[in-house]
Structures are given as C-alpha cells and as structure tokens.
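Peer 1: Could you work out the structure for the sequence below:
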Amino acid sequence: MSQPGRVDRQPAYILHAQPYRETSLLLEVLTRDHGRFSLVARSARRPRSDLRGVLLPFQPLTLSWFGKNELRTLHGADWDGGVRALSGQQLVCGFYLNELMMKLTARDDPEPRAFAVYDRAVRELAGAAPQAAALRRYELKLAQVLGYAPALDKDRHGDLIEPARYYICRDAAPPEPDTQAGAALSERAARLSGEALLAIHADDFSDPAVRGQARLLSRVWLWALLGDEPLASRQLLQAIQSLSD
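Peer 2: Predicted coordinates:
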C-alpha cells in the first residue's frame with residue numbers, strides 16, 4: 001500500500017535545519033514543484049545515519065517524502081552534486097538567499113521559477129561570478145517571478161524604456177519618467193538610467209555601473225515588500241563588506 005502524499009525524487013534545497021527531538025532534524029526545504037515546507041528527517045542525527053553527509057545547505061538534492069499534514073516525513077535523500085561548498089563571505093551571501101526566500105514565499109505555494117532563481121544564485125556564488133551580480137540578480141528576479149515587481153522594459157504609462165532617459169522607481173511599481181532631473185528623492189525611491197533598466201531587464205549585470213544601480217533598485221523594492229523589518233544576514237553581510245572596504 002502506497003503511503004499517503006508520497007512524493008519521490010523531487011529537486012530541492014535545504015533552507016534551514018535544526019535539531020528535533022532526540023535524534024531527528026527539522027528541515028525547511030525549497031522544492032521545485034511543491035514550494036517551501038517543513039520535513040522531519042527521523043534519526044538523521046544518529047552517528048551512523050546515511051543522511052548525515054547528505055542533508056547539507058546550498059547543495060542540490062533530490063528528496064522523497066510522505067504525508068499531507070503541515071509537517072511531512074522525509075523518506076529518502078540523494079546528493080545531486082556539482083556545486084562547491086560555500087565558505088567565508090560566500091556562505092554569508094547564502095544565508096541571505098535563504099532568509100530572503102523564507103521572507104518572500106508562502107508555504108506550500110509552488111513556484112518553479114523561484115526555485116530556478118535560487119538554484120542559479122547558489123551556483124553563481126559557488127563559482128566565479130561576482131557576488132554583487134549574483135545577489136542583485138537574485139533579489140530582483142525573485143521579486144519579479146513571485147509577482148511582486150514589474151518588468152523593466154516599459155514605464156508606468158506602458159511606453160518602452162528609452163536608454164538615454166532617466167526614470168524614478170518607487171515602491172515596486174513600474175518606472176516613471178524623471179521630469180524633475182536632479183530633484184532630491186526620498187530613501188524609498190531611486191533614480192535609474194534607462195540604459196541600466198534595460199540591462200537589468202536583459203539579465204546583463206556585467207557592468208559594475210549597472211550593478212550599482214541595480215542595488216538602488218533592489219533597496220527600493222525590498223523596502224516596499226518588507227518594510228523596516230531587518231534581515232539579519234544582510235546586516236551581517238554589510239558589516240563584513242564595510243570591514244573589507
């Protein structure tokens with residue numbers, strides 16, 4: 001007899017893990033087709049458990065589980081390899097990916113595009129891509145695929161973005177043409193060039209100037225989505241970056 005709610009070999013990542021009862025782990029997982037939810041990995045903390053070397057953060061996994069309640073039970077886990085372990089500042093960036101994902105997604109709300117955005121960010125952090133590019137792409141693309149933010153090829157009036165113009169971005173609304181060039185803006189708005197907006201829309205973060213403007217945009221969007229609620233991992237990352245500077 002098959003187990004109720006059984007799912008086999010689903011691509012997944014572990015966002016958070018903590019001890020559960022005497023020998024188990026409580027996992028917060030992000031899956032491709034089933035969204036984010038909690039799993040119990042029974043006996044995973046026993047010295048001889050086959051799961052001890054598999055249930056690692058920032059590693060692509062395939063998970064199997066059963067159960068239909070809020071807390072499901074892990075049935076099997078396999079490492080899907082190919083990603084170097086994060087360390088140092090990369091690891092702090094990884095914590096930021098996880099915290100933002102948990103803040104912006106609802107449980108049991110499948111969004112394969114959000115999984116793809118996360119998967120790409122982890123692989124970029126583990127590789128040779130600039131960390132700033134990986135983080136800006138993750139912040140902005142995640143907000144867009146979750147439906148919180150607009151595409152950046154058109155302004156609020158539906159007109160195509162012009163590379164030579166400047167635009168004001170407020171909240172998570174479409175850009176609006178800047179009709180008061182040089183006017184002071186609040187901390188909850190940003191002035192971006194049309195050229196930068198089109199580069200971000202085209203997923204091109206190769207130019208440091210574009211990455212700098214993308215950081216302004218992500219700050220505005222994240223404030224609109226999270227308000228004044230601080231992100232612990234982001235504060236830590238900013239502290240490390242200020243020391244490096």
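Peer 1: C-alpha only now, for contacts and for neighbours.
Peer 2: Fine.
Peer 1: Please pull up the helix or strand immediately following the longest strand seen in the chain.
Peer 2: With DSSP state E setting the assignment, residue counts place strand 7-20 as the longest strand in the chain. Scanning forward in sequence from strand 7-20 by DSSP states H and E, the next helix or strand is strand 24-31.
Peer 1: contacts for the next helix or strand after that following strand?
Peer 2: Of the helices and strands lying after strand 24-31 in sequence (DSSP H and E), the nearest is strand 35-41. With C-alpha atoms under 8 Å, 6 or more residues apart in numbering as the contact definition, strand 35-41 has outside contacts at 20, 24-30, 65, 70-75, 105-112.
Peer 1: The nearest residue to Pro110 once chain neighbours are set aside: neighbouring residues, count only.
Peer 2: For Pro110, ignoring the flanking residues on the chain, the nearest one in space by C-alpha to C-alpha, 6 or more residues apart in numbering is Gly35 at 3.9 Å. Gly35 has 19 neighbouring residues, counting by other C-alpha atoms under 10 Å.
Peer 1: Could you do the one 4 residues further on as well?
Peer 2: Summarising burial for Leu39: neighbours were counted as other C-alpha under 10 Å, giving 22.
Peer 1: Can you read off the pLDDT for it?
Peer 2: As predicted, Leu39 sits at a pLDDT of 96.
Peer 1: From His16, how far out is it?
Peer 2: 11 Å (C-alpha to C-alpha, to the nearest Å).
Peer 1: Spell out which residues are contacts of both of those two.
Peer 2: Common contacts of Leu39 and His16 (C-alpha under 8 Å, 6+ apart): 27-29.
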